[in-house]
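# quick one, fold the following:
(one chain, ligands or ions: 2)
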Amino acid sequence: MYRETTIASTATAPGEGGIGIVRISGKDALSVGNHIFRMKNGKQFGEVPPFSMHYGHVADGDTLIDEGLGVFMKGPHSYTGEDVVEIQIHGSMAALRRTLRLAWHFGAVPAQRGEFTERAFLNGRLDLAQAEAVMDIIRARGDAALVQAETHLSGALSSFVHGVRDKLKDLITRLEVTIDFPEEDLEDMTLQEISVRLQPIGADLQRLIKRSETGRFIRDGMRTVIAGRPNVGKSSLLNALLQEDRAIVTDIPGTTRDTIEETISVGGVPLVLMDTAGLRRTEDQAEKIGVEKTRHFLEQADLILAVINGAEPLEEEDRKLLARLKGRRAVVIVNKSDLPAAVTEQDIRSIAGSVPLVELSARSGRGMDSLEQELRHMAEGQDAEAGRELYLMNERHMDLVRKASASVERAEKSCMAGMPADCITVDLSEAWNDLGSITGETMDEELIHSIFSQFCVGK
Ligand SMILES: Nc1nc2c(ncn2[C@@H]2O[C@H](COP(=O)(O)OP(=O)(O)OP(=O)(O)O)[C@@H](O)[C@H]2O)c(=O)[nH]1
Ligand SMILES: [Mg+2]
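Ligands and ions are numbered 1, 2, ... in the order given. Okay, here's the model as predicted:
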């Protein structure tokens, strides 16, 4: 089987860098390491204490490839749980490639995507949720995502899952007793008791699902769509937020046609800003496609920045946009406040209701600080919770918790309706199983392998 093999790959990203690392893991790591790395002190890995760094050279016969440091980490106290040798040389693609080829020559095989972490999982060093957290740390785009991924890695998600599963198992056991000894009054009492016990479990799962919506923002960024009529200053606003001339600004309506996407970080949360084509009816083919795209993005947006030209009375398209903001996360931006006002707050509120509203001039920069404050406020709402509370950070976990929550809800209803105990057991077992897939306890090897194959090489 493949755990019989010793794997090797670079652990650092391809490209030039100060340092590059070749990692070797498996039962022959020690001998492979000793074949390719010559310590200055003439000793070998295995003769020197493990977990100590040693200066030396990677050598191919008499040819020195590069100088560097080597370390031997003895299993099971290594990342993979196996013997591991890591060699740090200069971050040169050529030197790393030659070192790797040597490792392969002396018996290692190329590591597959995520195989180091997969081995860590198979050797019980991490559960599946923790292994996925490792990838989330690597991919984290902002501080808040990083904090949350570290929380998962430290086992917070796993212990939540264990906690819920233990409670479910307990209830399943009780129900099984009533199935085996079906005395009428015992069953009635137990069903009521079970339903009372299920309520907080269902509520915990529901809360987790709600919070996780926010988790997605932290990880992937809040999709923030800048929308409005042509010429109201959307591109000017994007440029002002980025503090660079990213989008073309002209006084010709219909300047922006294709969507422009740039990310800024606000209070640790990435905002993926999208400048869009101005909303209007048009016969121009390219612009028309642009406007359709805008409408599509508006539907999908996590946050809408609805831009109004404050120096002109509201038009039909403004009204339509404002009317779409109800129940959405949005800020109305009354732009061009350097010009005499033609729109009142009342005009806007009568359509959009109590949405936050900021007056500013994207051209002069006046009022931009109020907008930034408003955005920070929205983002920090997410961020503050992120530090304290547990979120689900990926769709796989989200799906499983949703399914488990639905099963628990079904079981609750069945209890209330006085259904037979075995009906309820089926639903509870399903929830128990689905939650177990988060930590990998109830999954087959093939499925697990497919999850690791989405990881990067070298991790
Ligand atoms: N006076 C004033 N003019 C502004 C302000 N913001 C933008 N403008 C001007 O308004 C015009 C349109 O600006 P854009 O940023 O291109 O507007 P847009 O909404 O992106 O327009 P489209 O891409 O055509 O939909 C330009 O001439 C800008 O200089 C502002 O705060 N005050
Ligand atoms: Mg524009």
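
# residues near the closest residue to ligand 1 within the stretch 201-350 of the chain, how many?
Minimum separation of the stretch 201-350 of the chain from ligand 1 (C-beta to the nearest ligand atom) falls at residue 278, amounting to 2.7 Å. Using the backbone N, CA and C atoms, a C-beta is placed for each residue, glycine as well. Here the count is done by other C-beta atoms under 10 Å, and residue 278 has 24 residues near it.

# repeat that for the one 4 residues further on.
When counting by other C-beta under 10 Å, one arrives at 18 neighbours for residue 282.

# next helix or strand past the helix or strand harbouring residue 148?
Applying DSSP states H and E as the criterion places residue 148 in helix 143-153. Of the helices and strands lying after helix 143-153 in sequence (DSSP H and E), the nearest is helix 156-180.

# next, the angle helix 143-153 makes with that following helix.
50 degrees (axes from the mean of the first three to the mean of the last three C-alpha atoms, to 10 degrees).

# buried sites along helix 156-180?
Within helix 156-180, the residues scored as buried using 16 or more other C-beta atoms under 10 Å are 156-158, 160-162, 164-165, 167-168, 171-172, 175, 178.

# tell me what it is packed against?
Contact analysis of helix 156-180 by 3 or more C-beta pairs under 8 Å, 6 or more residues apart in numbering; DSSP states H and E lists helix 128-139, helix 184-220, helix 395-416, helix 421-439 as its packing neighbours.

# quick one: residue 147 and residue 455, what's the gap?
21 Å (C-beta to C-beta, to the nearest Å).

# looking at these two, which is more packed in?
Neighbours were counted for residue 147 and for residue 455 using other C-beta under 10 Å; residue 455 has more, 20 against 17.

# what about the spatially closest residue to residue 340 that is not a sequence neighbour, neighbour count?
Closest residue to residue 340 apart from its sequence neighbours, by C-beta to C-beta, 6 or more residues apart in numbering: residue 311 at 6.4 Å. Using other C-beta under 10 Å, residue 311 has 18 neighbouring residues.

# what do you get for residue 25?
Neighbours of residue 25 under the rule other C-beta under 10 Å: 29.

# wouldn't it be in contact with residue 76 here?
No - contact criterion C-beta atoms under 8 Å: residue 25 and residue 76 do not qualify, at 11.9 Å.

# which neighbours do these two have in common?
Common contact partners of residue 25 and residue 76 (C-beta atoms under 8 Å, 6 or more residues apart in numbering): residue 82.

# helix, strand or coil for the residue of the stretch 201-350 of the chain closest to ligand 1?
Three-state call for residue 278 (DSSP: H, G, I helix; E, B strand; the rest coil): coil.

# list the residues that contact the nearest residue to it once chain neighbours are set aside.
Nearest residue to residue 278, sequence neighbours excluded (C-beta to C-beta, 6+ apart): residue 230, at 2.9 Å. Contacts here follow C-beta under 8 Å, 6+ apart; on that basis residue 230 touches 253-255, 277-280.

# next up, phi/psi of residue 342, please.
phi -120, psi 0 (degrees, to the nearest 10).

# and residue 203, how many neighbours?
Other residues within reach of residue 203, judged by other C-beta under 10 Å, total 12.

# coming back round to it: can you list contacts of the helix holding residue 148?
129-130, 132-134, 136-137, 139-140, 157-158, 215, 218-219, 268-269, 382-383, 386-387, 390-391, 393.

# equivalent analysis for stretch 448-456, please.
Stretch 448-456 has contacts (C-beta under 8 Å, 6+ apart) with 112-115, 117-118, 121, 128, 131-132, 135, 138, 396, 440.

# list only those of these flagged as buried.
When these are checked against 16+ other C-beta under 10 Å, the ones flagged as buried are 112-115, 117-118, 121, 128, 131-132, 135, 396, 440.

# can I get these in a markdown table including pLDDT and distance to ligand 2?
Formatted as a markdown table, these follow (pLDDT from 0 to 100; distance: C-beta to the ion, whole Å):
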| residue | pLDDT | distance to ligand 2 |
| --- | --- | --- |
| 112 | 93 | 46 |
| 113 | 93 | 41 |
| 114 | 93 | 42 |
| 115 | 94 | 47 |
| 117 | 95 | 44 |
| 118 | 94 | 47 |
| 121 | 94 | 48 |
| 128 | 95 | 45 |
| 131 | 94 | 44 |
| 132 | 93 | 39 |
| 135 | 90 | 37 |
| 396 | 91 | 38 |
| 440 | 93 | 48 |
